[in-house]
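**Student:** I'd like to go over a predicted model; first the sequence, then the structure.
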Amino acid sequence: MAPSMTLPAITISPRIRKSPFFDGTIAAGATHFTVYNHMYMPTSYGDPAAEYHRLLHGVSMWDVAAERQVEIVGPDAEKLVRYLTPRNLGACEIGKGRYVPLCDHHGRVINDPVLLRLEQDLFWLSIADSDVVLWVRAVAAERGFDCEISEPDVSPLAIQGPKAEDLVADLLGAWVRELKYFGFKQTALDHIPLVVARSGWSKQGGFELYLRDGDFGMELWDAIREAGAKYGIGPGTPNHVERIESGLLSYGADHEPDADPFELGLGKLVDLTREDDFIGKEALKRRSTGGAGRKLVGFAFDGEPFVANQHPLPMESEDGAPAGMMRAACYSVRRKENVGIAFVPADYAGIGTQLRFHSGGRVYTGHVAEMPLVKPGK
């Protein structure tokens, strides 16, 4: 693993909301936090190599309560949900999640949540880091949709890694093994109310347990920790290295604010043949005609093990022309070389294209590489 970076500390105060699992993360040795959706979210427990190893070979528990839910409930809930996304939701069944880009009226991606339909007139948007609840409230009011929009008392806790299924089956029963990816079920662990989904921000497999009452936060945390002891469970966080290796989009980090779904590799989730209207429809039609102007690409590059960048790094071609930005980079344990995710003009997005960037007083050279940078199962 690359050496860890010494970063300035974030002051912990009452002003920023804390997760129901916060005390558990402190007891487990959390060393670094970020602020995500106006909440503290752990980003490290001080041993990146151990956290990465648990995720790839064992089981890891993550406090991802900052992955907030926007609840949409009422007679027009489904109409509103369909209007919010360019994805064709089809039958939109209860118990099946959908990855749904949200766009503004100019076709710019403003979030990439997972949509969960819990009841006929009850939906959650499980969001990335932006104020989607304000957007949805405004859209509903302007369009006159008959529904209520709120942020419910729901806090996800992720269990990720190849041993996650065995652990969750121990806790809740063998039925969890039958859940398909993004499938979910409303249930309880004894008296603790949950929604259990086969999902999570890694490619190593696992589940997210959506706690439906924050008062049971530490009880749930301790139950998972105790049941997972025989599997060698330990704390972790959405893993910077694994997500780059796996090519998982980090909304807001991997692209410019004006990026559209076609540029972010989400074009297959945009249905411009839909007869019904949705936000950004005309803008997305215009954007689709000329092809994506920029693209997210994988990148492999030279040098000693790279420490994660704190800022996007300007890239250039072999002849010195501007060529986009290196958005996130690291040393890949599985590839045994430096890799990154870059947002580049389409002319520079071809596999094998040679590019370079500057960081820490030196020049790094490399080439555009196929995504995901590490194939599943490797």
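**Tutor:** Done, it's in.
**Student:** any low-confidence regions in this structure?
**Tutor:** Counting by pLDDT under 70, the low-confidence segments of the chain come to 1-7.
**Student:** list the buried ones in the longest strand along it?
**Tutor:** If you go by DSSP state E, the chain has its longest strand at strand 322-332. Neighbour counts over strand 322-332 (16 or more other CB atoms under 10 Å) mark 323, 324, 325, 326, 327, 328, 329, 330, 331, 332 as buried. Placement of C-beta: from N, CA and C, glycine included.
**Student:** and what of stretch 311-320?
**Tutor:** Neighbour counts over stretch 311-320 (16+ other CB under 10 Å) mark 312, 313, 315, 316, 317 as buried.
**Student:** that older thread, okay, the buried residues of strand 322-332 in a markdown table with distance to residue 263 next?
**Tutor:** Below are the buried residues of strand 322-332 laid out as a markdown table (distance: CB to CB, whole Å):
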| residue | distance to residue 263 |
| --- | --- |
| 323 | 15 |
| 324 | 11 |
| 325 | 13 |
| 326 | 16 |
| 327 | 12 |
| 328 | 16 |
| 329 | 19 |
| 330 | 22 |
| 331 | 27 |
| 332 | 24 |
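**Student:** what count of nearby residues applies to the nearest residue in space to residue 164 that is not next to it in sequence?
**Tutor:** In space, and not counting its chain neighbours, residue 164 is closest to residue 206: 3.9 Å by CB to CB, 6 or more residues apart in numbering. For residue 206, the number of neighbouring residues by other CB atoms under 10 Å comes to 26.
**Student:** so who does residue 206 touch?
**Tutor:** 59, 158, 159, 160, 161, 164, 165, 198, 199, 200 (CB atoms under 8 Å, 6 or more residues apart in numbering).
**Student:** from those residues, pick the one nearest residue 214.
**Tutor:** residue 158 (16.4 Å; CB to CB).
**Student:** distance of the closest one from residue 327?
**Tutor:** Applying CB to CB, to the nearest Å, the value for residue 158 to residue 327 is 23 Å.
**Student:** do the same with residue 64
**Tutor:** Taking CB to CB, one finds residue 64 at 21 Å from residue 327.
**Student:** ditto for residue 245
**Tutor:** Taken as CB to CB, the span from residue 245 to residue 327 is 15 Å.
**Student:** for residue 235, same thing?
**Tutor:** Residue 235 is 27 Å from residue 327, by CB to CB.
**Student:** helix/strand/coil for the residue in the chain sticking out farthest from the centre?
**Tutor:** Relative to the C-alpha centroid of the chain, counting by CA atoms, centre = their mean, residue 319 is the outermost residue, at 35.4 Å. Taken by DSSP: H, G, I helix; E, B strand; the rest coil, the conformation at residue 319 corresponds to coil.
**Student:** could you shift the numbering so residue one becomes 196, and keep it that way?
**Tutor:** From this message on, residue numbering opens at 196, which makes the last subject residue 514.
**Student:** would you map the strands across the stretch 396-545 of the chain?
**Tutor:** Taking DSSP state E, counting those that start in this stretch, the strands of the stretch 396-545 of the chain run over residues 401-406, 429-431, 489-496, 508-512, 517-527, 532-540.
**Student:** quick one: closest of those to residue 233.
**Tutor:** So among those, strand 401-406 is nearest, using CB to CB, at 18.2 Å.
**Student:** if we can go back for a sec, by contact count, what packs against the longest strand of the chain?
**Tutor:** helix 435-441, strand 489-496, strand 508-512, strand 532-540 (3 or more CB pairs under 8 Å, 6 or more residues apart in numbering; DSSP states H and E).
**Student:** make JSON lines from those and add distance to residue 264 to it.
**Tutor:** Below are the helices and strands packed on strand 517-527 laid out as JSON lines (distance: least, CB to CB, whole Å):
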{"stretch": "helix 435-441", "distance to residue 264": "21"}
{"stretch": "strand 489-496", "distance to residue 264": "26"}
{"stretch": "strand 508-512", "distance to residue 264": "34"}
{"stretch": "strand 532-540", "distance to residue 264": "27"}
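**Student:** which of these sits closest to residue 571?
**Tutor:** Per CB to CB, nearest to residue 571 of the helices and strands packed on strand 517-527: helix 435-441, 7.9 Å.
**Student:** for the closest one, list the C-alpha coordinates in PDB.
**Tutor:** C-alpha atoms of helix 435-441 as PDB (Å, rounded to 0.1, in the frame of the first residue of the first chain):
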ATOM      1  CA  HIS A 435     -10.200   4.900  -2.000                       C
ATOM      2  CA  VAL A 436      -7.900   2.300  -3.600                       C
ATOM      3  CA  GLU A 437     -10.500  -0.400  -4.300                       C
ATOM      4  CA  ARG A 438     -13.000   2.100  -5.800                       C
ATOM      5  CA  ILE A 439     -10.400   3.400  -8.200                       C
ATOM      6  CA  GLU A 440      -9.400  -0.100  -9.200                       C
ATOM      7  CA  SER A 441     -13.000  -1.000  -9.700                       C
END
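**Student:** what are the boundaries of the strands in the stretch 196-345 of the chain?
**Tutor:** 227-231, 234-239, 255-258, 264-268, 293-294, 297-298, 304-306, 309-314, 317-321, 343-345.
**Student:** next, the angle strand 234-239 makes with the first one.
**Tutor:** Right, strand 227-231. The directions of strand 227-231 and strand 234-239 differ by 140 degrees, with axes from the mean of the first three to the mean of the last three CA atoms, to 10 degrees as the criterion.
**Student:** ditto for the fourth one
**Tutor:** With the same axes, to 10 degrees as the criterion, the two stretches strand 264-268 and strand 234-239 enclose an angle of 140 degrees.
**Student:** Provide the strand pairings for strand 264-268, with the direction of each partner.
**Tutor:** strand 317-321 (antiparallel), strand 343-345 (antiparallel) (DSSP bridges).
**Student:** so for the last one, what gets flagged as buried?
**Tutor:** When you say that, I think you mean strand 343-345. Buried residues in strand 343-345 (16+ other CB under 10 Å): residue 344.
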